[in-house]
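[1] sequence and computational prediction follow.
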Amino acid sequence: MTPQIIREDDEESNNNNDRCCDNKFLHNRVRKMTHYQLYFLIAGIILSSILTIIIILASGGGNDAPDDGTNNNIYNNNNVGENNNIPSDVVSLYNTRNEPEQPSPPLPPIFDAATNNQTQVVIAREESYEGEPLWDEINLKELLQEYSWKKVLEDESTPQGQAFQWILEETVNSPSTITSMERLQQRYLLAVFYFYYQTDEWSDTYGWLSHTEHECTWYGIRCGSDGSRVFSSSSDEKKNDDDSLRSLVQEEEEEASKQREDIDTDLFVLSLDETVTCIDLSGNNLANLQGTQRGFPNELQYMTNLVQLILSKNYIDGSIPQHLFSKLTNLHTLYLNENFFTGELPNDFQDLTFLENLALHDNSFHGPVPDSIRFASTLVDIRLQNNEFDGSLPDDFFVNMSNLRVFLAGSNRLEGSIPSSLANSSNSLESIQLYENRLRGTIPNHFASTELRQLHLDNNELLEGPMPQLSSASLEELRLEKNALNGPLSFGEEQHVNLKVLWLHDNSFTGTIPIEIGTLKKLATLKLERNLFTGSVPNEVCELRFGDGELKNVTVTDCQNDANSDYKRSIGSGSGGLSTMNTNNKVELECNCCDSCQ
C-alpha cells in the first residue's frame, strides 16, 4: 500500500473544516434557542466578565510604590561615631552638706493636658489569626518608620536595627505574643532603649527582651496609672512574683478579648494597666556604647505615656535631645542626676504641665537655666546643683511656682542677684541652696515661707548687706559664710528654736554677739570666726555646751589674750568644746568663759 502523505496545508485545511463544523453546530443550536434563552446567556456572560474585573482589581490594587526613603515625616537619630570615655568613678565634692531627701512620689493617673481629665489610650487594634503573624517584614518596617529612619532599621549594627530584628523574630515566631499595634510599638521602643546602652554591664536585666514575658514584668518597668506593676527589687523576689503577675496579665487580656466581641469597631481601648508609665533604672550601671550615640535615643520621645523617667546614678553621657520634653508631656518625675550629661538643657519645659520633681544635679550641664522652667508651674522639687549653669535668673523666675518646696542650685556659675520672687514664691518653701556661685547684691530681707528649714547662700563672696530677717520657726540650717555681709547680727528670742547649724564666718559682721544665740538649745555647730565683732562672748553661748543644749562645736576669732601670739582657748575636756583662734593678732573679744589658753 502506498503510504498516504499528509501535507501541512492539508492539515490546516482539515482544522479549518473542523472549526467550520463547530460553527455550524453552534449556529444550529442558537437557532433552536428561544429569544429568552438567548437573553439569559448574554446576561450570564456579561456578569461573569464584571466579577472577573472586580477580582483582578481587588488583588492588585493594594500594591504601593516602593519607599524611596525620602519620607519627610521620619525623625532622624542622633549622630553616630562620637567617642565615649567613661570616668572610672564619680567624685562628690560636697558629701558633708545636708540636702533634703529626694522624693519618691507615687505614680499619679495619666491626664489629658487639654481637658485636665483622666484619659485612656485609644489605639488601632488588629485581630490576629491563629498561628499567623500580624506583620511581615515589609509592613513592620513601614510601621516602625514612624519612629526610626528606614536606613537605621536596615542596619543591624545600630540599636534600631537590632531592635527591629528582635521584634521581627517575635512577630514571626511568637505571633500570639503581640496582638495589638500599640504593644508592638511599645516593645520596639523599649528594645531600642535596651540596645542603646551597654547591656552587658547592666546590674539587672531580668525579663528584658523575653518573647514570653509581658514588658510590664521587665526589670525597672512600671505599667498602669497607679504604678502597681513594678520590678525594681532583687531578681529572686521578682521571680517569685512572676507567675502571679503573668497570670494577672493573662486574665486582663482574656477579659479584654471578651469585651472586644461585643464591640463592632476596629478601635480598641487599651487598658492603662498595659501601658508603660515608668522607667526606673536608677543605679543599674547604664552606659552609652563605645563609639556610638550619646545621651538618649531619639525614640524615647515617643513613649508619650511616661509619668516617671528615673535614670539617676548611671554612666550616661552626652546631651539631651532637643524637643524631647515637648512630647513627654505626661512626665511627673524626671530624675537624671549623677550621670555624665553635658550640653545645654532643652528649652521646652513649658510643655511639662504635670512635672513636679526635677533632679538634674551632679552632671556637667552648662549654659543658662532654661527660661521655660518658670512656666512649669506644678514644680515642687528642683535640683540643679553641681553643674556648670551660668547666667542669671530673672527676678520674676519663680512667680508662678506657688507649689515649690525645694530649690537647690549650688556649685554652679550663676551670676546676678537672688530673685526676689524666690523669697516670696511659696509659703511652703523648705530648702533654698545657692552656695558656691557668683551671686552679688543683697539677700532678700524677707522670706514668706514659714516652713523654711535650710538657707544655704554661702561662698558667693559678692553678696553684701545685712543679715536677712528670718521669721521661720522651722529653720534648722543657716549658712551665710564667705560672703561680704556686714552690719550687726539680729536674732529674735525664740524665733529660731529649731536652729542646728549657724555658720556666719568670713564676713564683715560688726557689733556684739547676740545673747539670744544662747537660747538656741538645739544648736549643734556655731562658726563666727573672721568677722569684726567686739565685746565678749556671752556666757549663755558657752553654757550651751555644758547645760541642756546640744552644742558640739563653736569657733570664735579674737578672744582677749596676748596680742603678740596666736593661741587657742578651749572649754571643758575632750574635742568639740568652745575654741577661739586668733589669726590676725587683734584683741577685740573677751571670753570670760575660757579658763585656759594653749
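    The structure has been received and is ready for your questions.
[2] quick one, what contacts the closest residue to residue 159 other than its chain neighbours?
    The spatial neighbour of residue 159 that comes closest, neighbours along the chain excluded (C-beta to C-beta, 6 or more residues apart in numbering), is residue 195 at 3.7 Å. C-betas here are computed from N, CA, C, even on glycine. By C-beta atoms under 8 Å, 6 or more residues apart in numbering, the contact list for residue 195 reads 159, 160, 162, 163.
[3] what's the most distant pair in those?
    Farthest-apart pair in the contacts of residue 195 is 160 and 162; separation 7.4 Å (C-beta to C-beta).
[4] comparing the two, which residue is more hemmed in?
    Taking other C-beta atoms under 10 Å, residue 160 and residue 162 do not tie; residue 160 has more neighbours (27 against 18).
[5] what helices and strands are in contact with the strand or helix carrying that one?
    Using DSSP states H and E, residue 160 maps to helix 159-173. Judged by 3 or more C-beta pairs under 8 Å, 6 or more residues apart in numbering; DSSP states H and E, the packing partners of helix 159-173 are helix 137-144, helix 150-153, helix 181-196.
[6] with residue 351 as the reference, measure out to the nearest residue to residue 154 once chain neighbours are set aside.
    Using C-beta to C-beta, 6+ apart and skipping the chain neighbours, the partner closest in space to residue 154 is residue 161 (6.5 Å). Shown here: residue 161 relative to residue 351, a distance of 31 Å by C-beta to C-beta, to the nearest Å.
[7] model confidence for the residue nearest to residue 159, exactly?
    pLDDT recorded at residue 195 is 93.
[8] end to end, how far does stretch 521-537 reach?
    17 Å (C-alpha to C-alpha, to the nearest Å).
[9] quick one on the thing from earlier: for the residue nearest to residue 154, what are its contacts?
    Contacts of residue 161 (C-beta under 8 Å, 6+ apart): 152, 153, 154, 155.
[10] try it again at 10 Å.
    The contact partners of residue 161, by C-beta atoms under 10 Å, 6 or more residues apart in numbering, come to 148, 151, 152, 153, 154, 155, 192, 195.
[11] my guess is the fourth one meets residue 164, correct?
    Yes - counting by C-beta atoms under 10 Å, residue 164 is a contact partner of residue 153 at 4.7 Å.
[12] out of these two, which sits in the more crowded spot?
    When neighbours are counted by other C-beta under 10 Å, residue 153 and residue 164 differ, and residue 164 comes out ahead with 25 against 22.
[13] touching, that one and residue 157? I think so.
    No - look at residue 164 against residue 157 with C-beta under 10 Å: they stay out of range, at 11.9 Å.
[14] could you say what helices and strands the one helix or strand residue 487 maps to packs with?
    Residue 487 belongs to strand 484-488 when assigned by DSSP H and E. Packing contacts for strand 484-488, counted by 3 or more C-beta pairs under 10 Å, 6 or more residues apart in numbering; DSSP states H and E, involve strand 462-465, strand 508-511.
[15] ok, that strand: who's next to it in the sheet?
    According to DSSP bridges, strand 484-488 forms sheet pairs with strand 462-465 (parallel), strand 508-511 (parallel).
[16] and the contacts of the first one?
    The list of residues contacting strand 462-465 from outside it, by C-beta under 10 Å, 6+ apart, reads 415, 417-418, 434, 437-443, 445, 457, 480, 482-487, 507-508.
[17] kindly report the domain assignment for the protein.
    111-274, 489-598 (automatic domain parsing).
[18] does the nearest residue to residue 388 once chain neighbours are set aside lie in a helix or a strand, and which?
    Leaving aside its chain neighbours, residue 388 sits nearest to residue 366 (4.1 Å; criterion: C-beta to C-beta, 6+ apart). Under the criterion of DSSP H and E, residue 366 resides in strand 364-368.
[19] just checking, what packs against the next helix-or-strand element following that strand?
    Note on strand 364-368: by DSSP H and E, the next helix or strand toward the C-terminus is strand 381-383. Judged by 3+ C-beta pairs under 10 Å, 6+ apart, strand 381-383 is in contact with strand 357-359, strand 406-408, strand 431-433.
[20] what is the burial count for residue 441?
    Under the criterion other C-beta under 10 Å, the count of neighbours that residue 441 has is 13.
[21] the helix or strand that it is a member of pairs with which strands?
    According to DSSP H and E, residue 441 maps onto strand 438-442. Applying DSSP bridges, strand 438-442 is found paired with strand 413-416 (parallel), strand 462-465 (parallel).
[22] what residues does the next helix or strand after it touch?
    Toward the C-terminus, strand 438-442 is succeeded by strand 454-456 as the next helix or strand (DSSP H and E). Contacts with strand 454-456, where a contact means C-beta under 10 Å, 6+ apart, come from 97-100, 385, 406, 408, 410, 423, 429-436, 443, 447, 449, 468, 470, 472, 474-481, 501, 503.
[23] in strand 454-456, what's buried?
    By 16 or more other C-beta atoms under 10 Å, the buried positions in strand 454-456 come out as 454, 455, 456.
[24] pLDDT weak spots in the stretch 251-400 of the chain?
    251-272, 290-293 (pLDDT under 70).
[25] all the helices of it, in order from the start?
    Per DSSP state H, counting those that start in this stretch, the stretch 251-400 of the chain carries helices over the ranges 324-327.
[26] quick revisit: same list, the buried residues of strand 454-456, but as a markdown table with pLDDT and distance to residue 305 please.
    Formatted as a markdown table, those follow (pLDDT from 0 to 100; distance: C-beta to C-beta, whole Å):
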| residue | pLDDT | distance to residue 305 |
| --- | --- | --- |
| 454 | 96 | 35 |
| 455 | 96 | 39 |
| 456 | 98 | 37 |
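[27] on that earlier part again, looking at the strands paired with strand 484-488, which is buried most?
    Among the strands paired with strand 484-488, ranked by average contacts under mean count of other C-beta atoms under 10 Å, first place goes to strand 462-465 (a mean of 17).
[28] please name the nearest non-neighbouring residue to residue 431.
    Residue 431 sits nearest to residue 454 (C-beta to C-beta, 6+ apart), 4.2 Å away.
[29] and that neighbour, how far from residue 435?
    For residue 454, the distance to residue 435 - C-beta to C-beta - is 11 Å.
[30] what do these two both touch?
    Common neighbours of residue 454 and residue 435 (C-beta under 10 Å, 6+ apart) are 97, 408, 479.
[31] look up which residues are beta-bridged to the residue nearest to residue 431.
    residue 431, residue 477.
[32] what distance do you get for it to residue 304?
    36 Å.
[33] how about the contacts made by the residue nearest to residue 488 when sequence neighbours are not counted?
    Nearest non-adjacent residue to residue 488, counting by C-beta to C-beta, 6+ apart: residue 511, 3.5 Å away. Neighbour list for residue 511: 487, 488, 489, 490, 531, 532, 533, 534, 535 [criterion: C-beta under 10 Å, 6+ apart].
[34] measure residue 532 to residue 438 for me?
    24 Å.
[35] and residue 427, by the same measure?
    Taking C-beta to C-beta, one finds residue 427 at 29 Å from residue 438.
[36] which one's more surrounded, the two?
    More neighbours surround residue 438 than the other of residue 427 and residue 438, with 16 against 11 (other C-beta under 10 Å).
[37] my guess is the more buried one contacts residue 415, does it?
    Yes - shown here, residue 438 and residue 415 form a contact pair, counting by C-beta under 10 Å, at 4.7 Å.
[38] between those two, what contacts are shared?
    390, 392, 460, 462.
[39] what separation is there between the third one and residue 368?
    Taking C-beta to C-beta as the measure, residue 460 falls 18 Å from residue 368.
[40] repeat that for the second one.
    Using C-beta to C-beta, one obtains 8 Å as the distance from residue 392 to residue 368.
[41] overlap in contacts, these two.
    Contacts common to residue 392 and residue 368, judged by C-beta under 10 Å, 6+ apart, are residue 414.
[42] of those two, who's got more company?
    residue 392 (17 against 14).
[43] thanks a lot, see you next time.
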